[in-house]
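Q: Sequence and predicted structure below; questions after.
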Amino acid sequence: MGRKVLIMCVGTNDPTSVNPRTKEICDGPVLSFMSYIADVPHLKALQPDRVYLLATAERPDAVTPTQQGGERTRDILLQRGYKEVYLRLLPLKDPTSYKELIPALRGEVERIVGENTDVDCEYFVNVSPGTGQMEATWLALVNSGVIKASLLQVKAPWVEPDPSKRVIRIEEAPLFENNRIEVASSLLSHYEFEGARDVLLDLGMRTTSPLRTETADLFSHICEGYFHYDSCAFDKAAGCLSRALSKSLFKDERFFELGQLLSLQRKILDKLASNSAFEGVADLYHRARRYSDNQRYSLAILFCWQACEKLLVEQAKDAVRSECKLPGNYDIPYHFGRFIEKYRETPEVKRISERFPFPRLRVFDIAYAIGILRRTRLPAAKVLETERANIEWLEEARNRIVHEPLSRASSKKHCDVALQLVSRLIRGCFGNDNELFDYPFSTQSFRKVRLWVSQLI
């Protein structure tokens, strides 16, 4: 079971003060706050299990010590039935001096947090008691992530007549939270999914907002899924996106479009895991586009070559299956020569051997695939007639990158030519213009996710 921990400074108006209008003695900020959370129904959720009062210690050079007021306030709270009320003394000469105040208050807060590690704790800070500099320091400590706490402010009775409105939450997001959102968004813009995941996990653990915790957790699951997707661990990626889609946040209409995109991506991952030809080629094309966007042109060209190679090889394998009347899922391995020799007595391999002469120990590579496709009437054969020279150019560009990493084949101009070639090949062989450009893992889709990180967290 969790523990609710309340922390407050003790000011010169504690435990009692004077109403400036009626001149009557009344409870000071600390006791008034404790009365409100005990008596107002919607504030009772703030009732603490443990209270820490931070007072300025009595010392000869102290400008405004509050130790005695803190002791009386502590005793009154114990009399009211609070079982754990602790008074801590801050060794301050001047409680308005930030030079003294910040390290003293920070050190005491760290000690308090260290004392409460035995259970999960929810921290609340009443920033109203004490000096204005103390209030500002509380804001700084929460903004910098020293303590994960909800900040509360108390209005005096002569300012707010309605007791139910006298305690308010300070809802402004801490600066460190906004900084982490910006960092996560920047990492996503460079497709650094693992880094974005880690930043969002940290944000979820440190934020005081339950909604922000939930949304940061959602997007960390999404980034985890994208990390596995980028590593081609498609089953793991699908599991992460499925867990993300199970979140209750998708009942909120603001998350509807995100849910639609994740559902489409989830379906694509299943197809990638099953080695679907079109999705496999389209994915390589869009990986190339992502690297091109990040000015990593050599890698983009290498992915373009992989897309070209996979497309033509898969088309040629389909031609073999069709001409030899083999099932659509009949496996044709890369080391095809060994396969033919090992299974040459099977009916399927006999049909392949009769129709497609295959040198012993030869692999089913792009050169052999092109030779097969030229014999067919498939759309790929027609594409080869017009694109053969461009395919040879792409292969040369790929070879130069592999053997000469600093060659000009890695320029943006060459990268754009390679991307256009792969796009034409896909359109010519599959005819799926819309599916290619509306691909759920396109650069445009990732830009949307990055925007949602900024808008929804």
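A: Everything's here; your move. Since this is a predicted model, take the numbers as computed values, not measurements.
Q: For residue 324, which non-adjacent residue is spatially closest?
A: Distances taken as CB to CB, 6 or more residues apart in numbering put residue 351 closest to residue 324, at 4.3 Å, once the chain neighbours are dropped. All C-beta atoms are positioned from the backbone trio N, CA, C, and that covers glycine.
Q: Just to check, the one you found is in contact with residue 320?
A: No. Counting by CB atoms under 8 Å, residue 351 sits too far from residue 320 to count as a contact (9.5 Å).
Q: Comparing these two, which residue is more hemmed in?
A: residue 320 (20 against 15; other CB atoms under 10 Å).
Q: gap between the more buried one and residue 292?
A: 33 Å (CB to CB, to the nearest Å).
Q: Same check on residue 73?
A: With CB to CB as the criterion, residue 73 and residue 292 are 65 Å apart.
Q: Could you list the low-pLDDT ranges of the chain?
A: The chain contains residues with pLDDT under 70 at 1, 171-175, 358-361, 405-409, 432-435.
Q: Go ahead and flag the most central residue of it.
A: When CA atoms, centre = their mean is applied to the chain, the residue found nearest the centroid is residue 220 (3.4 Å).
Q: Do I have it right that it meets residue 197?
A: Yes. Between residue 220 and residue 197 there is a contact under CB under 8 Å: 5.1 Å.
Q: buried stuff in stretch 26-42?
A: 27-34, 36-37, 40 (16 or more other CB atoms under 10 Å).
Q: wait, I meant stretch 280-294
A: In stretch 280-294, counting by 16+ other CB under 10 Å, buried: 280-292.
Q: Which members of those occur in helices, if any?
A: 280-292 (DSSP state H).
Q: now those residues in CSV, with distance to residue 47?
A: Shown next, in CSV, are those (distance: CB to CB, whole Å):
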residue, distance to residue 47
280, 58
281, 61
282, 57
283, 54
284, 59
285, 59
286, 54
287, 54
288, 59
289, 56
290, 52
291, 55
292, 58
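Q: which one of the residues you listed is nearest residue 299?
A: residue 291 (4.4 Å; CB to CB).
Q: Let me see the contact set for the closest one.
A: Listed by CB atoms under 8 Å, 6 or more residues apart in numbering, the contact set of residue 291 reads 297, 299-300, 303.
Q: Please work out how many residues are found near residue 170.
A: 16.
Q: dump the residue contacts of it.
A: 127, 139, 151-153.
Q: Check residue 53 too.
A: 8-10, 30, 70, 73-74, 85-88 are the contacts of residue 53 under CB under 8 Å, 6+ apart.
Q: roughly how far apart are it and residue 126?
A: 10 Å.
Q: Residues that sit against both of those two, list them.
A: 8, 30.
Q: Show me how far stretch 83-98 is from its chain's centre.
A: 39 Å (CA atoms, centre = their mean, to the nearest Å).
Q: Could you list the domains of this structure?
A: 3-172, 177-274, 277-439 (automatic domain parsing).
Q: who wins for proximity to residue 453 among the ones you listed?
A: That would be, of the domains of the chain and by CB to CB, domain 177-274, which comes in at 5.2 Å.
Q: measure the closest one end to end?
A: Domain 177-274 has an end-to-end distance of 40 Å (criterion: CA to CA, to the nearest Å).
Q: For the closest residue to residue 273 other than its chain neighbours, which residues are in contact?
A: Spatially, and ignoring its direct neighbours in sequence, residue 273 is nearest to residue 234 (4.1 Å; CB to CB, 6+ apart). Each residue near residue 234 by CB under 8 Å, 6+ apart is listed here: 228, 269-270, 272-273.
Q: can you list these in CSV and add secondary structure and neighbour count?
A: Output for these, formatted as CSV (DSSP: H, G, I helix; E, B strand; the rest coil; neighbours: other CB atoms under 10 Å):
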residue, secondary structure, neighbour count
228, helix, 21
269, helix, 27
270, helix, 13
272, helix, 20
273, helix, 16
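Q: Report the two of these separated the most.
A: Maximum distance among the contacts of residue 234 (CB to CB): 13.7 Å, for 228 and 270.
Q: helix, strand or coil for residue 152?
A: strand (DSSP: H, G, I helix; E, B strand; the rest coil).
Q: where's it relative to residue 196, distance?
A: Relative to residue 196, and taking CB to CB, residue 152 is found at 32 Å.
Q: More neighbours: which of the two?
A: residue 196 (28 against 22).
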